[in-house]
Structures are given as C-alpha cells and as structure tokens.
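Engineer: Fold the following and give me the result.
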Amino acid sequence: MCRAITGAFAGLRADGVAGLPRNLAVLHSPLLRAVAVRYWARTMRSATGEQWFAAHTRHAGAEMRALADDMAARITDSPALTELLRPPPDTALLSS
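Structural biologist: A predicted model of the protein is given here:
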C-alpha cells in the first residue's frame, strides 16, 4: 500500500497536479517509506483505522471501485499501484 501511495504521489507530481495534501506527500516520500509503513500499520490496527477506513470501505464497494478505477486511469506508470488496484479474484467460485 505504501509503495502504491508513494508511486501515486510521484505520478501526480509528474502530471503537475496541484493541491496535494502536504503531510501525506511528505510522509510518502521515498526516504520516509519505513516511517509511512509503521504509521499506517499502527493506524489500520487501531479503532481510528476501523472508523476512518474499514467500516466505510466495507459498505461502499461501488464507490471504492470507482475511486480505484479513476486512480488507475490517471496513474499508469506505477507497478505498485497497478498491483494494489487489481480486482480480487472471483471468490464466488470458492464457495461452490
């Protein structure tokens, strides 16, 4: 995830996109990758991570897919982002 975010910020900067959130852009600079990994690991395991990300994501599948598709269309030169945004395998086949 952190590699994908770092790549996404690099792609957005290269495209001249203005208004990037400075705190996240700095956190996801290549030199701070280890800090970003620790920060997000701690955040995602916390009650805050549940509230800010997990609960919403579980109930907003169409919105999450639309956001992922938009990012994939805008940033095409990031292998980490491409991997992160790859749709999951069809799990319906596993339950039959």
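Engineer: For stretch 28-37, which residues meet the burial criterion?
Structural biologist: By neighbour count with 16 or more other C-beta atoms under 10 Å, stretch 28-37 contains the buried residues 28, 36. No exception for glycine: its C-beta is placed from N, CA and C like everyone else's.
Engineer: what sits up against it?
Structural biologist: The set of residues that contact stretch 28-37 without belonging to it, under C-beta atoms under 8 Å, 6 or more residues apart in numbering, is 2-3, 5-6, 9, 26-27.
Engineer: and if we set it to 10 Å?
Structural biologist: With contacts defined as C-beta atoms under 10 Å, 6 or more residues apart in numbering, stretch 28-37 is touched by 1-10, 20-21, 24, 26-27, 39-40.
Engineer: What are the buried residues along the host helix or strand of residue 84?
Structural biologist: Secondary structure here is read from DSSP states H and E; on that basis residue 84 sits in helix 79-85. Using 16+ other C-beta under 10 Å as the burial criterion, the residues of helix 79-85 that qualify are 81, 84-85.
Engineer: from the residues you listed, which single one is nearest residue 70?
Structural biologist: Using C-beta to C-beta, residue 85 is the member of the buried residues of helix 79-85 that sits closest to residue 70, with 10.0 Å.
Engineer: And that closest one, how far from residue 52?
Structural biologist: Residue 85 sits 20 Å away from residue 52, going by C-beta to C-beta, to the nearest Å.
Engineer: so residue 11, which of the three states?
Structural biologist: Classification of residue 11 by DSSP: H, G, I helix; E, B strand; the rest coil places it in helix.
Engineer: Let's verify residue 16: helix, strand, or coil?
Structural biologist: When the structure is reduced to helix, strand and coil (three-state DSSP), residue 16 reads as coil.
Engineer: Who are the contact partners of it?
Structural biologist: The neighbourhood of residue 16, defined by C-beta under 10 Å, 6+ apart, contains no residues.
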